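1. need coordinates for the below:
(chains A and B)
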Amino acid sequence: MARTPLLRGGVAVAIAAALVLAAPLALDQYAISILIRSFLFGAIAVTVDILWGYCGVLSFGQATYFGIGAYAFGLAVTQIGLSPGVALGALAAGCAVSALVAWLIAWLGFGPRVTPLYISVITLVEAVIFVQLIYSGGDFTGSSSGLSGFDTFDVSMEGWFRIAGLFLLAAVVLGAILVRSDAGRLLVAIRENEQRCRYCGIATARVKGVLLAGAAVIAALAGYAYAGYTDVIAPDLGNFQFGTELVIWVALGGRGTLYGPAAAAVLIDYASAYLGGTLPFIWQLIVGLVFIVVIVLMPQGIGPAVASLARRRPRAVAPPALATVADAEVGGDAAKPAIAVAGLSRHYGSLRVLDGIDFTARAGELVSLVGPNGAGKTTLIRCLSDGAERSGGSVAIEGTPIGRAAPEACVRLGLGRKFQAPNVFETLTVADALRIARARQERLSPWRRAQSIALPAAARLVLQATGLEDALATEVRHLSHGAKQALELAMVLAMQPRVLLLDEPTAGLTKGERTLIGGILTDLVRRHGLCILLVEHDLEFVREISSRIIVLHQGRILLDGSVAEVTGSELVRSIYTGTPEPAAA
Amino acid sequence: MIGLLLDVATTAAILFVVAAGLLITFGVLKIINFAHGGFLTVGGYAALVVTQAGGSPWLAAPAAFVAGVVLGAAVERVIVRPLYSRPLDAILATWGLGIVIVQLITLAFGRGTNFVPSPVSGAVAAFGTDYSAWRLIMLVVAVLLAAALAALLQGTRLGLEARAVIMNEELAQGLGIDSTRVRFVTFALGAGLAAFAGALITPLLSVDPLMGVPWLLNAFMLVLVSGTSLASLGLASLLLGGAQVVISTYGNPVLGALSIVVLAAVLLRIRPAGFARG
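-> I've put the predicted structure just below:
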C-alpha cells in the first residue's frame, strides 16, 4: 500500500518546490514582497493546526514564539552587529528561548488537575507578558515602536521568496508525515481521550510539552526569517491579536487538514495586503463575519468543504496485519502481594465513600469485588489506579507504594484498568487504538506507520472471539457498545499488565462472549499468574470464575472470603435482597 | 494611606462591575464570551451618542444597558444558540463577533478618541482626603449591582431557574426548566451589563474602538478564578485589583498592568478552582 501514495506525494512535493523556485520569475515585486510574509505566516498556521486541529491544544501563543525569533535576530544585530557567528548565535538563542518558554508554558498548562481551557488562557497571558516586556525594554527593545534599519542578510527579494516558500513547504510536508505516522495517531488519541492514553501508560503531558516546544521552535525560525527579511521588529509580531488571527486562519482553512490552514493563512494575508490598504476596516469586518459564519455553519472549515465537492471519500487504508508476541513470564514476585491496600479511605467533604479498606491480592488470584450500587466499587478501582484519588491510607502494586503517582506511572508498575463505560478513541480505527495501547512496548514512529501490530495471545483471543479481528480498519465510533467493551478489554490486555483492574468488562456482551472472556481471564490467572480484580454484578459469572470474593457495602469491606463462604452468607443475601438481617429483626 | 485604600476599593469596584456580566454568562452558558470587550465598547459609544445628542450624562449608563441587552439578545439567537453543543466553537465565534463589533464601530465613528462628559466632576472630601467623586460613585454602583444581582438570583423565579441551570443543567431540564430561555435571558443580561460597565467607565477613560480590549483580559481572568460565584468575584476583584494598585503604586507600572493576569494564571495553576468554594 505504501508505494503509490508515497510516489504521488513525492511528485506533488517536487512540483510544489519547482513552483516556489520558479514563481519569482513570473510575479511582480510587490506580490513577491507580500508572499514572503504570507508564506512565513502559513508555516506558523501549520504548527497551530498540528497543536489544535490534531492534538486539541488551542494555543494563542504561537505568535509569541514568532516574536521571540524576530527579536532574537533584531536585538543581536542591533547590539553586536551582523556576522555569521552572531546570526547563528541569534538563531540558536531564539530557538532555545522559545523552546524553554514553551516548556514552561507546558509545565503550567498540562499539570495534573488543570482544566483543558487553561492552556488557552496561559498562552494568552504569555502573549500579553511578551508585549509588556518589549514595552518596558526602553531603547534596548525599541519599546512600542520596535527597531528597524539594522543590518541584515544580503539576500535578494527572490531569494527570500524561495527560502520562505520552501520553509512553508517543509512545514507542510514534515507536518503531513508526522500526522500520518503512528505518533501522529497518538496526537489524535490524546485529543479524543487523554485519560485513556494515560491509562495506556503514556505521559501525555510530556508528549504535549514536546509538541508545544517543537511548534515554538518552528514559529521562532519563521520569526527569525521575518526579521531578517523585513528589517523591522515590533511588539505586535508577538501579541495575542496575531495569535488569535492564526487561530482564525486555521479554523477558516479547516482544522486538522494542514493544507487548509496553510492555504488560508497565505490567501488571507495576501488579500489583506491588497484590500487592507484600500478598505482596512471593511476587510477586517469581512474576515470577522466570514469567520463567524464558518464556525456556525461549517465547523470543519472551508478547505474540507471545497475538497469534499472535488473528490469522493478517500480510499480505505488496508489494515495492518496482526502478529502474536510471546507471552512474557509475568508470574511476578510471589513473595510480594500484587495489590496491597491498607486503611484506604476516600471522602468528598463529609461524605465518606470508602473507609478503612484493607485487603491484599496475590498473583494467580482472581478477586471479584461485589456489592450493591453505590457501595464504592468503582471508586476503589479509581483509588488503586490513580495516586491522587484517595483521601487516606496506602496502596502498593507488587510491593511498590503508588504514593501520589499519576495513572501513567501506576500503569508502569504493571497495572491495567478497564473502565466501567467503554473508554476508547472514537475517531481512531480499531488497529490504531490497539497500537496506542502497545505504545509502551513498541515505540510509536514519528514518520511512518508500522505494517503489523504484535499483540499478546490473550488480546488476540478477545479480538477473535468478538469478531473485532475483521474490523481492524473500522473507526471505533461505528462499533456497537459491546464491541467497544471488547476493544477496551483487548487494549488493556495488549498492555500485558500483571495486575488487572476490570470494571464490569462484559457488560453489553452476549452470553457466549461472556463465557469466552471468562475463560480467557481464568486462563490468564492460572497459566500466566496475573492478579485480576474484577467488579461484576452478574453473580453467576462471578461464581464461575473467581478464586475469592470481596463484598463491599456502604464503603466498607463486609466480607472477604472464598466463593463458597460468600455465596453461602446470610448477610450477603440480605444486602442484595434487602431483607433485614436476622439480628436486627 | 486612605488614598491607597480608596484606590484599592474603587479599582475592585470597577473590576467587579466590568466582570459581572461575563461571570453570569459563564455560569449559565458555560462559555467565556469573548465579545464582552466589544459589548463594553458598545456601551462606551452609547454613552457618547446619548451625551452628544444632548441627553444627561446620568442617562448614559441606563441607555447603554438597554442597547447591550438588545444586541446581546440578537447575538444569542443568531450566533450562540446554534453552537450550544460546541462550547469551544462558541467561544471562538464570540471572538469573531468582538472583531466585527470593533470594525463596525470604527466604520461608524472613526478610529479617533472621544471624551464623554462626566455626570459629576472633580474631587470630593471623603474619609479625610480629597478623592475622585466618580470613582466613589463607582463604589456605590458596584455594591448596588451586587445586591441587585444577588436579589435577582435568590429572590426571583428566573434566578432560581438560573441557579438550577448553573448547578446541573440536565437535571434542571428534567424538572421542566426551559434552559434555552434561561440562557437567552442570561446572555442578554450579561451583554447589557457589559455595555452598562462600558458607559460607567467613560468618565474615567477615553472612548475609542479598542477600549474594551484591556478590560476583556482582566475580566476574563477574574471570572476564571471566581467560577460561578458573585461573592468569589467580589473577593477576586478586591485581592487581585488590590495587588494591581499596590504593585503599580510602589513597584513598576508595567508589572502593575500585568499583575491581575499573572497572579490569576499562577493561582489557577496551583488551585484550578480559584477562589470558588473557599
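
2. what about residue 14, how many residues nearby?
-> Let's take chain A. A count of nearby residues for A:Ala14, using other CB atoms under 10 Å in any protein chain shown, gives 10. Heads up, the C-betas are built off the backbone N, CA and C, glycines and all.

3. nope, chain B please
-> B:Ile14 sits with 24 neighbouring residues when counted by other CB under 10 Å.

4. list the buried residues in the helix or strand hosting A:Ser308.
-> Per DSSP states H and E, A:Ser308 falls inside helix A:302-310. For helix A:302-310, the neighbour count (16 or more other CB atoms under 10 Å in any protein chain shown) marks A:Ile302, A:Gly303, A:Pro304, A:Ala307 as buried.

5. again, but for stretch A:283-292
-> A:Trp283, A:Gln284, A:Leu285, A:Val287, A:Gly288, A:Leu289, A:Phe291, A:Ile292.

6. same deal with stretch B:75-83?
-> Within stretch B:75-83, the residues scored as buried using 16+ other CB under 10 Å are B:Val75, B:Glu76, B:Ile79, B:Val80, B:Arg81, B:Leu83.

7. ok, of those residues, which one's closest to A:Glu192?
-> Proximity of these to A:Glu192 (CB to CB) peaks at B:Leu83, which lies at 20.5 Å.

8. surely the closest one touches B:Ala93?
-> Yes. With contacts counted by CB atoms under 8 Å, B:Leu83 reaches B:Ala93, the gap being 5.9 Å.

9. which residues do the two both contact?
-> In terms of CB atoms under 8 Å, 6 or more residues apart in numbering or on different chains, B:Leu83 and B:Ala93 are both contacted by the residues A:Ile295, A:Val296.

10. and of the buried residues of helix A:302-310, the nearest to chain B?
-> A:Ile302 (14.2 Å; CB to the nearest CB).

11. what's the average pLDDT for stretch A:402-420?
-> In this model, stretch A:402-420 has a mean pLDDT of 92.

12. repeat for stretch B:103-118
-> For stretch B:103-118, the mean pLDDT works out to 89.

13. how about it: buried residues?
-> For stretch B:103-118, burial by neighbour count (16+ other CB under 10 Å) applies to B:Gln103, B:Leu104, B:Ile105, B:Thr106, B:Leu107, B:Asn114, B:Val116, B:Ser118.

14. listing partners with orientation, what would you give for the helix or strand that the helix holding A:Ser308 is followed by?
-> Later in the chain than helix A:302-310, the nearest helix or strand by DSSP H and E is strand A:321-325. Neighbouring strands of strand A:321-325 in its sheet, by DSSP bridges, are strand A:452-456 (parallel).

15. centre of the chain to the strand it pairs with, how far?
-> Strand A:452-456 has its C-alpha centroid displaced from the chain centroid by 22 Å (CA atoms, centre = their mean, to the nearest Å).

16. try stretch A:86-96
-> 30 Å.

17. just the buried positions in it, please.
-> A:Val86, A:Ala87, A:Ala90, A:Leu91, A:Ala93, A:Gly94, A:Cys95.

18. C-alpha coordinates for that stretch, PDB please?
-> Taking C-alpha atoms only, stretch A:86-96 is exported to PDB below (Å, rounded to 0.1, in the frame of the first residue of the first chain):
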ATOM      1  CA  VAL A  86      26.100  36.400  15.600                       C
ATOM      2  CA  ALA A  87      23.500  35.400  13.100                       C
ATOM      3  CA  LEU A  88      23.900  31.700  14.000                       C
ATOM      4  CA  GLY A  89      24.000  32.500  17.700                       C
ATOM      5  CA  ALA A  90      20.900  34.600  17.500                       C
ATOM      6  CA  LEU A  91      19.200  31.700  15.600                       C
ATOM      7  CA  ALA A  92      20.200  29.300  18.300                       C
ATOM      8  CA  ALA A  93      19.200  31.700  21.100                       C
ATOM      9  CA  GLY A  94      15.800  32.400  19.500                       C
ATOM     10  CA  CYS A  95      15.000  28.700  19.200                       C
ATOM     11  CA  ALA A  96      16.300  27.900  22.700                       C
END
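
19. dump the buried residues of stretch B:103-118 into CSV; add secondary structure and distance to A:Pro261 as well.
-> Putting the buried residues of stretch B:103-118 into CSV (DSSP: H, G, I helix; E, B strand; the rest coil; distance: CB to CB, whole Å) gives the following:
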residue, secondary structure, distance to A:Pro261
B:Gln103, helix, 23
B:Leu104, helix, 27
B:Ile105, helix, 29
B:Thr106, helix, 27
B:Leu107, helix, 29
B:Asn114, strand, 38
B:Val116, coil, 42
B:Ser118, coil, 47
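
20. how about the residues of chain A by chain B?
-> Residues of chain A lying close to chain B (CB under 8 Å from any CB of the partner chain) are A:58, A:108, A:111, A:113-115, A:117-118, A:121-122, A:124-125, A:128-129, A:132, A:135-136, A:244, A:247-248, A:251, A:281-282, A:284-285, A:287-289, A:291-292, A:295-296, A:299.

21. so which of these are in helices?
-> Residues of the residues of chain A next to chain B located in helices (DSSP state H): A:108, A:118, A:121-122, A:124-125, A:128-129, A:132, A:135, A:244, A:247-248, A:251, A:281-282, A:284-285, A:287-289, A:291-292, A:295-296.

22. show me what contacts the residue in the stretch 101-250 of chain B that chain A sits nearest to?
-> Across the stretch 101-250 of chain B, no residue is closer to chain A than B:Gln103, which sits at 3.9 Å (CB to the nearest CB). By CB under 8 Å, 6+ apart, the residues touching B:Gln103 are A:Phe281, A:Ile282, A:Gln284, A:Leu285, A:Gly288.

23. many thanks, we can stop here.
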